[in-house]
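Asker: Just to be clear, the model below is a prediction. Sequence and coordinates:
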Number of protein chains: 4
Amino acid sequence: MILELEKNITTDKKQVIFSRLFEQNLGFKEIYFGNKNIVYLTTNKHVSGLDRLEGVSKILSSFKHEFKLASREFQEINTVVDVDGVKIGGEKLVMIAGPCAVESLERTMTIAKKVQDLGVEILRGGAFKPRTSPYSFQGLQEKGLEILAEVKAKTGLKIITEVIDTETIGLVGEVADVFQIGSRNMQNFSLLKKIGRTQKPVLLKRGLAATLEELLLSAEYLLGEGNKNVILCERGIRTFSNHTRNTLDLSIIPTIKEVSHLPIIVDPSHATGKRNQIYDMSLASFAAGSDGIIVEVHNNPSEALSDGFQAILPEEFAKIVEDSKIIAKIRKRYF
Amino acid sequence: MILELEKNITTDKKQVIFSRLFEQNLGFKEIYFGNKNIVYLTTNKHVSGLDRLEGVSKILSSFKHEFKLASREFQEINTVVDVDGVKIGGEKLVMIAGPCAVESLERTMTIAKKVQDLGVEILRGGAFKPRTSPYSFQGLQEKGLEILAEVKAKTGLKIITEVIDTETIGLVGEVADVFQIGSRNMQNFSLLKKIGRTQKPVLLKRGLAATLEELLLSAEYLLGEGNKNVILCERGIRTFSNHTRNTLDLSIIPTIKEVSHLPIIVDPSHATGKRNQIYDMSLASFAAGSDGIIVEVHNNPSEALSDGFQAILPEEFAKIVEDSKIIAKIRKRYF
Amino acid sequence: MILELEKNITTDKKQVIFSRLFEQNLGFKEIYFGNKNIVYLTTNKHVSGLDRLEGVSKILSSFKHEFKLASREFQEINTVVDVDGVKIGGEKLVMIAGPCAVESLERTMTIAKKVQDLGVEILRGGAFKPRTSPYSFQGLQEKGLEILAEVKAKTGLKIITEVIDTETIGLVGEVADVFQIGSRNMQNFSLLKKIGRTQKPVLLKRGLAATLEELLLSAEYLLGEGNKNVILCERGIRTFSNHTRNTLDLSIIPTIKEVSHLPIIVDPSHATGKRNQIYDMSLASFAAGSDGIIVEVHNNPSEALSDGFQAILPEEFAKIVEDSKIIAKIRKRYF
Amino acid sequence: MILELEKNITTDKKQVIFSRLFEQNLGFKEIYFGNKNIVYLTTNKHVSGLDRLEGVSKILSSFKHEFKLASREFQEINTVVDVDGVKIGGEKLVMIAGPCAVESLERTMTIAKKVQDLGVEILRGGAFKPRTSPYSFQGLQEKGLEILAEVKAKTGLKIITEVIDTETIGLVGEVADVFQIGSRNMQNFSLLKKIGRTQKPVLLKRGLAATLEELLLSAEYLLGEGNKNVILCERGIRTFSNHTRNTLDLSIIPTIKEVSHLPIIVDPSHATGKRNQIYDMSLASFAAGSDGIIVEVHNNPSEALSDGFQAILPEEFAKIVEDSKIIAKIRKRYF
C-alpha cells in the first residue's frame, strides 16, 4: 500500500500517521518522490482503516504486479529523468555513445567530440569494468574517472559510467551524471539500496536471466529509497540462440510502457556483440518505442582494449542518428 | 561440393560426370535451381579432380556453414520468390494478413476484402491447424480449404496455408499458393523432402528451439530437392522470458541477410501472442530489414476460434501498413 | 470429461448415450483403454446431466492439467507397458541398449549379443535417422530394418526403432516391438494420431523445447486414439548451458510420477552427448526414480556412422548395469 | 602462466623474478596456495624465457580453459576444503542442512539439534537474505547472526551463512565458518575479491544463467586472491522448463570433476523449489558424483518466513541420509 500525503501536511498529522503504523507493527518508509510525499508499507497485505487518517490525500492498494512505485498504477504519466538538463523519457530521444572502456584521454576526447558533433549529449565510457575473467582488462579505474572528468569539463558532455560496488559510489559519483548498474549487478541489492539513497540518475541494466518482473523489482529497490531517476535498459538475454552474443528482447519495450512509467533504452552493442548488427537493431529499437539507445562507438575498434568487435565507427553512428530521426517522427518523437 | 554444369551441356557429357561420381561411390543429386543446372555431392568432404571434368562450369567447395544451397557463397544475389506474380524478397515488402484459422466463408471473405483494400496480396488462414492439445479446435480442414479456394476465386488474393503432413500435400497444394510449414514441423524431414519436390513457394517457420544453422539446414532439405522458392520466417523462440509468449529474435534478420540469399519475414502475432505488441514489433521488423510480415487480422478477435487474443483489427493493421511505408524508405524498400 | 461405461453395457444403451451426445452437438470418441470402455468428450467444458445416463458407471470431469487420459486423476495406478513380455513401468527396471544407427548385420549382431549377455531385453538401433543436415548419414532405412529383423529372429531381443513419418509406419511396425517417436516429431500430430491407432508400444521422446504439459498433451494424442502403451522419455532440453549437448532435466521424473500414470525412462546418451557422462547420468536417473534407461552402446564407437562420441563400450555398460542394481533396491525396484 | 616457486626460495631470488616481470611490464600476483608459493601472470599470452629464472621450480602455461588456478592442469588432485575439521571434497560426503532463514533462537536450535542427530556437521541458515522484492522478508540480519553464534556455541555445529556485500564481510565472518555467495552475487567481483583475501572457506553458488566457464572464472577471482578454500554449488539454472522453479543441471558434476579440482555440492531445495522433489534430487546428486548436498530443513515448513514450500521435515531428511549412504558406497564414498 502507498499513502500519498497532503502537500502541506503538518508535522503533527504526520506523527499521528506514523504512530498509527508503528502501533499496528507495520513496516513503512517515507520518501519524497518527485513533488509527492509518500509513505509506503513494506507489507504486501491490504491494511484497512488507513484512509480515514487525516493528512492522507490518496491511498493506492491494488497493483497488478508486485512492484508498486515503478507501476503505472502509482504514476500514470511517464517519468522523465533530468540528467543535468538532458531529458530521458520525454519527446526527445536520447543517444548515448562512447567507447566501451576509457582507454586514454586523447582517444576518449577524440571519440567524445565526434559523437558530440552528431548531437550526442551523454558520453558513455567504462572506468571500472566488471569482467567475467580476472585476467581481462579491468578498466583504468580511478585514472579512467579522471579522464572522464576532464572530457566532461572540456566538452560539457554528461557522463554515464558504471559503478560496481558500494565503496566506489562516492568516487564515481563525483564524475558520473548517470550511474550505470551493469547487468551482473541488477540484483546486487546492497548496491541498489545505496544508490537509491542518492538522487543521481541511474541506468539499470536488465540481468541476463531477469524477467520483466525482476527488472522492475530491482528498480523498486532504487525507487523505494527515494531515487526516482531510474532509467531501464534492455541489453539482451541469455538464450540457446547463438548467432548473436545475447538475444535482444525488444518486446520488453511495449510491455514496460504498459506496466511502468519508467523510461527504457536499448543497448544494441552488448545485446548483439556484433558490429554489423548495431544499425539494424538501433533502428528496430526506436521503431519498437525505445526512449533511446546506448551504443559503443570507437574511432579505431580493432585497437579497443575491450569489446572492440562490437564497437562501430563514428561515421556508422552518424547513419544511425540520421535514419533514427525518420523513425522518431512515426512515433511522435524527435531527435 | 556443388558442381554447376554448363548451360547447354550434352547428355553424353553429363553421363561421363555421373559415371565418374558413381565410380568414386559419391552420393550426389542433380537439380535445376532456377536457371542453373546443379549437381551437389552429399558428402561433406572435398573431392579433388572434379574440376577437370568437361561440362562443369564452376565448382564450389568452400562454405562457412554446413548449409550450401542456402548460402551466400552459392548465390550472391538475393532470392526473390515469385508467388504467382507477387514477389517476396525484392524491393517491395510483403504484407501477409488474415485470420489464424479459417472459420466460415462469410468471415473469411470479410477479412480478406478488408486486408485487400489495404494493399495485401497474400491471405493467410489455417485450414489444418496443428494444436498442442487434442482437445483444441483442429481447423475446418477440407472444408477450410474449400473456403479458401472460394475466397481466392472471388478476390484474386494468393493463399498461404499450412500443410501438416505428407498425405495432404496434394490437397492443400490445390488451393495454396504458398505452403506454410509450421514451427513444430521445421524438422519434419519427410515433409520437407516431399514439399521440396514440388516447385511451390514455401514459408518455413523457425522452430521454437532452432538455431540459425538448424533453420537453414531445414531450408537445405527443401532446396536440395530442387525447390528454390523458400521463404524463412522468424516467429519467436522459447526462452525464460515470460512477458510475451515467445521471444522475438529480430537479430536473426541481419544474420540471415549476411549468410544466406533467402528472404525472411516476421510473424509478430505468434512471436508475442499479444495484440498490443503487433504494431511495435511489425515496425521493428521492417526497421531491422525484414522482407515482410505475416499478421493475424480478424474483424472480431473476441469471437475467433483460435488465438483471438493476438489478432488485430483491420483498422489497426491499416496503421501498421501506413507507418511501415515510411520505414521502408529508410531501407530502400517500398510498399 | 470422461465417461466410463459399464463392463457389459448393451449396444442399445450405448446408442442412447451416443445419441444424447450427438444431440447436444458434443464431439466425443469411444476407445477401449486397457480393460475399460471409455467415451471422452473433446470439449474442455463441463457438461451437466450426463451422469444420469444409463450404462455410465463413472464420470470424470475435474483435471488439474489439460491432459486427461494421461493424468493420475484418470488412472491412479501406474501403467505397465507390456512389450511382448517385457514390462516397462513395473518393479523391474528396463535397460534398453544398442547402437545409435544400424550399420551392418555383423556389427549389430555383435553389439546385440553383448548387451543381451548383460541382461538387456530390448535392443535400440536406428534404421530411419532424422538428421539436422541433409548431408549427414540418413540411416540404412529398409536395409536397416531387415538387419534388425534378423537380429531379432536370432536373439529373441525386442526391437525399438524410430518411425519418422506416416508412410513408413507399416514397414517399421513389421520389425519394431516399440515405435520410437523422436524429439523432433513430438508435435508431429499426424504421426501421433496414426500411431495412436495401432496398439503397439510407443516411446515418446520429449522435444528439445517441450514443457511437461506439452509432452503429456502429445501423449494424450496417442492415448486418445486408443493406444495406451505409451512410454515417455526424457532426453535433455535446450538451454544456454553448453558443457553438455542438452541439459538433462531429471526433475521431470518425480513430476511425471506425480501427475501421470505413464512410465518414463531416460536417454543419457542424447541428453549429454558425452561418453564420459553416461555412467553418472544413468545412475542419477535411477536414483531419481526413472523406470529405465536407453543407452547407446557400440563395440567400436570411433567407427560409428552416427554420434559415436556419445556411445559407450559394452564393458562400460556392464558397470552401469551392476551399479544400477544397488540403486534399484533403494527405490524398491530391481533389475 | 603460473610460476611455481621453489619451497625455500630466498627473498633475493624472488626479487629478481619480480623485477624481471616488472621490466617486461607483466601484470602478476604472488599468492600462497595451500603449501605452494605461486606467482601468476594476469596476461593470457605466453611469455617465453621465464623458465630460466632461478627459484622457479615449475611453469604452467597451457590450459584448456580460461581459468587456471581452478583447473585440473594446475592441480591434479582434488581440493579438500577443511571447515574447522569438517572436510568437503574428500571421501566423506557432506550434508549441510538447516532453515532457509534464521527466524528465532528457539526454532533454529530445534532444527539444529534434529539435523545434528542425523549426522549433520554444518548448519545452514540465512541472516542476510537477498530477495527479489524489497517487500519480502530480508532476514533478521545482525540479530540472525547472533542466533547463529549462540547455536554454534551450544551445538558445536559449523555455520554456513550468506554474505551479501563487502561491508558485512567482517560481521558475517565472525560467525560463519563458510561464507556463502549466492547465485545473484556470483559475478559480484568486488565481493569475490574481498572474500578471496580471507582464508575462510566459501561456497560459491552458480548463477542462474552462468555457464560452467563463468562459474569457474568466478572461482578464479577467489583463488586468485589466495583463498583456495572454494566449494562450488549447483542450484539450478533458468530455462523455459516450468515444472520446477529452476532446472537442476546435474551433468555439471562430472564436468567439474573433469576440468577442475574443486569440490562441488548440490542445492536441491533452490533448484526445484518443491518439497516433494528433494529426496529424489538428493539421491540423484550423489549418484552423479556430488561431494555433498545443502538442504533446507524446517520443523514446521508451513510457518517458515522464507521459502517454506521447499523445506523438508527432519524425518524426511533422515530418509535422505539413510539412502544416500548406500549410493555413497557405489561411488567409493561414505557418510
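Answerer: Yep, it's here.

Asker: how about low-confidence regions in the stretch 51-200 of chain A?
Answerer: Within the stretch 51-200 of chain A, not a single segment meets pLDDT under 70.

Asker: Run through the strands of it in chain order.
Answerer: Using DSSP state E, counting those that start in this stretch, the strands of the stretch 51-200 of chain A run over residues A:56-60, A:81-83, A:86-88, A:94-98, A:122-124, A:158-162, A:178-181.

Asker: which residues does the residue lying closest to A:Lys36 once chain neighbours are set aside form a beta bridge with?
Answerer: Sequence neighbours aside, A:Glu4 is the residue nearest to A:Lys36 in space, at 5.9 Å (criterion: Cβ to Cβ, 6 or more residues apart in numbering or on different chains). From N, CA and C alone the C-beta is placed, and that goes for glycine too. A:Glu4 has these beta-bridge partners by DSSP bridges: A:Ile38, A:Lys58.

Asker: pretty sure A:Glu4 contacts A:Asn37?
Answerer: Yes - A:Glu4 is within contact range of A:Asn37, at 7.4 Å (criterion: Cβ atoms under 8 Å).

Asker: Looking at the strands of the stretch 51-200 of chain A, spot the one closest to A:Lys13.
Answerer: Among the strands of the stretch 51-200 of chain A, the nearest to A:Lys13 by Cβ to Cβ is strand A:56-60 (8.8 Å).

Asker: who touches the closest one?
Answerer: A:1-7, A:17, A:50-51, A:68, A:73-74 (Cβ atoms under 8 Å, 6 or more residues apart in numbering or on different chains).

Asker: Restricted to buried residues, select these in PyMOL.
Answerer: With 16 or more other Cβ atoms under 10 Å in any protein chain shown as the criterion, this PyMOL line picks the buried residues out of these:
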select buried, chain A and resi 1+2+3+4+5+17+50+68+73+74
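
Asker: Kindly reformat the contacts of strand A:56-60 as JSON lines containing distance to C:Leu215.
Answerer: Formatted as JSON lines, the contacts of strand A:56-60 follow (distance: Cβ to Cβ, whole Å):
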{"residue": "A:Met1", "distance to C:Leu215": "42"}
{"residue": "A:Ile2", "distance to C:Leu215": "43"}
{"residue": "A:Leu3", "distance to C:Leu215": "48"}
{"residue": "A:Glu4", "distance to C:Leu215": "49"}
{"residue": "A:Leu5", "distance to C:Leu215": "54"}
{"residue": "A:Glu6", "distance to C:Leu215": "57"}
{"residue": "A:Lys7", "distance to C:Leu215": "58"}
{"residue": "A:Ile17", "distance to C:Leu215": "54"}
{"residue": "A:Leu50", "distance to C:Leu215": "48"}
{"residue": "A:Asp51", "distance to C:Leu215": "50"}
{"residue": "A:Lys68", "distance to C:Leu215": "38"}
{"residue": "A:Glu73", "distance to C:Leu215": "38"}
{"residue": "A:Phe74", "distance to C:Leu215": "41"}
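
Asker: Just the closest of the contacts of strand A:56-60 to chain D, please.
Answerer: Among the contacts of strand A:56-60, A:Lys68 lies closest to chain D (Cβ to the nearest Cβ), at 8.0 Å.

Asker: Tell me which residues touch the closest residue to A:Phe286 other than its chain neighbours, please.
Answerer: Using Cβ to Cβ, 6+ apart and skipping the chain neighbours, the partner closest in space to A:Phe286 is A:Ile327 (4.5 Å). By Cβ under 8 Å, 6+ apart, the contact set of A:Ile327 is A:Leu283, A:Phe286, A:Ala287, B:Leu283, B:Ala287, B:Ile326, B:Ile327, B:Ile330.

Asker: got the residues of chain A near chain D?
Answerer: Applying Cβ under 8 Å from any Cβ of the partner chain, we find that chain A lies next to chain D at A:42-44, A:66-68, A:130-135, A:164-167, A:184-185, A:187-191, A:207-209, A:214, A:217, A:220-221, A:224, A:238.

Asker: Pull out the buried members of these.
Answerer: Buried subset of those (neighbour count, 16+ other Cβ under 10 Å): A:42, A:66-68, A:130-135, A:164-166, A:184-185, A:187-191, A:207-209, A:214, A:217, A:220-221, A:224, A:238.

Asker: ok so, going back, and the contacts of strand A:56-60, which is closest to C:Gln277?
Answerer: Nearest to C:Gln277, judged by Cβ to Cβ, of the contacts of strand A:56-60 is A:Lys68 at 46.2 Å.

Asker: Identify the residues contacting that closest one.
Answerer: By Cβ under 8 Å, 6+ apart, the residues touching A:Lys68 are A:Ile2, A:Tyr40, A:Leu60, A:Phe74, A:Glu220, D:Tyr135.

Asker: And the second one, its phi and psi?
Answerer: Read it as A:Tyr40. With angles defined as degrees, to the nearest 10, A:Tyr40 sits at phi -120, psi 140.

Asker: so what's it closest to, chain neighbours aside?
Answerer: A:Ile2 (4.7 Å).

Asker: My read is that the one you found contacts A:Gln75, right?
Answerer: No - with contacts counted by Cβ under 8 Å, A:Ile2 stays clear of A:Gln75, the gap being 10.3 Å.

Asker: Return the residues of the stretch 151-300 of chain A in contact with chain B.
Answerer: Applying Cβ under 8 Å from any Cβ, one finds that the stretch 151-300 of chain A approaches chain B through A:209, A:211-212, A:237, A:239-244, A:247-255, A:258, A:271-272, A:276-277, A:280-281, A:283-289.

Asker: List phi and psi for the residue lying closest to A:Lys332 once chain neighbours are set aside.
Answerer: Distance criterion Cβ to Cβ, 6+ apart; nearest residue to A:Lys332, sequence neighbours excluded, is A:Glu91 at 7.3 Å. Backbone torsions of A:Glu91, given as degrees, to the nearest 10, read phi -70, psi -30.

Asker: Enumerate every residue touching A:Glu91.
Answerer: With contact set as Cβ under 8 Å, 6+ apart, A:Glu91 has these partners: A:Lys332, A:Arg333, A:Tyr334.

Asker: and those as JSON lines, adding distance to B:Leu140?
Answerer: Output for these, formatted as JSON lines (distance: Cβ to Cβ, whole Å):
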{"residue": "A:Lys332", "distance to B:Leu140": "42"}
{"residue": "A:Arg333", "distance to B:Leu140": "44"}
{"residue": "A:Tyr334", "distance to B:Leu140": "49"}
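
Asker: Neighbour-wise, which one of those leads?
Answerer: A:Arg333 (19 neighbours; other Cβ atoms under 10 Å in any protein chain shown).

Asker: A:Ser133 contacts D:Leu216, correct?
Answerer: No - look at A:Ser133 against D:Leu216 with Cβ under 8 Å: they stay out of range, at 9.9 Å.

Asker: Give me the common contacts of the two.
Answerer: Both A:Ser133 and D:Leu216 are contacted by D:Phe67, under the criterion Cβ under 8 Å, 6+ apart.
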